[in-house]
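Participant: Just to be clear, the model below is a prediction. Sequence and coordinates:
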Amino acid sequence: MREALTAKTERLEYVHAMLVQLRRMAAEEEHEILAYLIEMATTEANDILRGARPSRIRRNQRDSAA
């Protein structure tokens, strides 16, 4: 179970890193709306990683503890 949680967290960290790069690329090409939307996705991923937003990872962890 712990290994699955670690793998999911690592994948989310990877997605977050890719989103940061994509946002930078979109901003450099002056695609403001696209950059904004990617920034929102980046913020969402960051919030999940920090525990500020519920995620399926945490929900599954709660369900198995009950």
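Facilitator: Received it, and whenever you're ready, just let me know what you need. Numbers count the residues shown, from 1 in each chain.

Participant: Not counting sequence-adjacent ones, nearest residue to the residue nearest the centre of the chain?
Facilitator: For the chain, the residue sitting closest to the mean C-alpha position, by CA atoms, centre = their mean, is residue 45 at 2.0 Å. Sequence neighbours aside, residue 16 is the residue nearest to residue 45 in space, at 4.1 Å (criterion: CB to CB, 6 or more residues apart in numbering). Yep, even glycine has a C-beta here, placed from its N, CA and C like the rest.

Participant: Check which element follows the helix or strand where that neighbour lies along the chain.
Facilitator: Using DSSP states H and E, residue 16 maps to helix 2-28. Proceeding N to C from helix 2-28, the next assigned helix or strand is helix 32-50, under DSSP H and E.

Participant: Please enumerate residues in contact with that following helix?
Facilitator: 9, 12-13, 15-16, 19-20, 22-23, 26-27, 53, 55, 57 (CB atoms under 8 Å, 6 or more residues apart in numbering).

Participant: Kindly provide the whole-number mean pLDDT of stretch 48-62.
Facilitator: Stretch 48-62 carries an average pLDDT of 70.

Participant: Likewise for stretch 18-34?
Facilitator: 98.

Participant: how many neighbours does the residue nearest to residue 13 when sequence neighbours are not counted have?
Facilitator: Nearest-residue entry for residue 13: residue 49, 6.6 Å, with adjacent residues in sequence omitted and distances by CB to CB, 6+ apart. Neighbour count for residue 49, taken as other CB atoms under 10 Å: 16.

Participant: same question, residue 25
Facilitator: 13.
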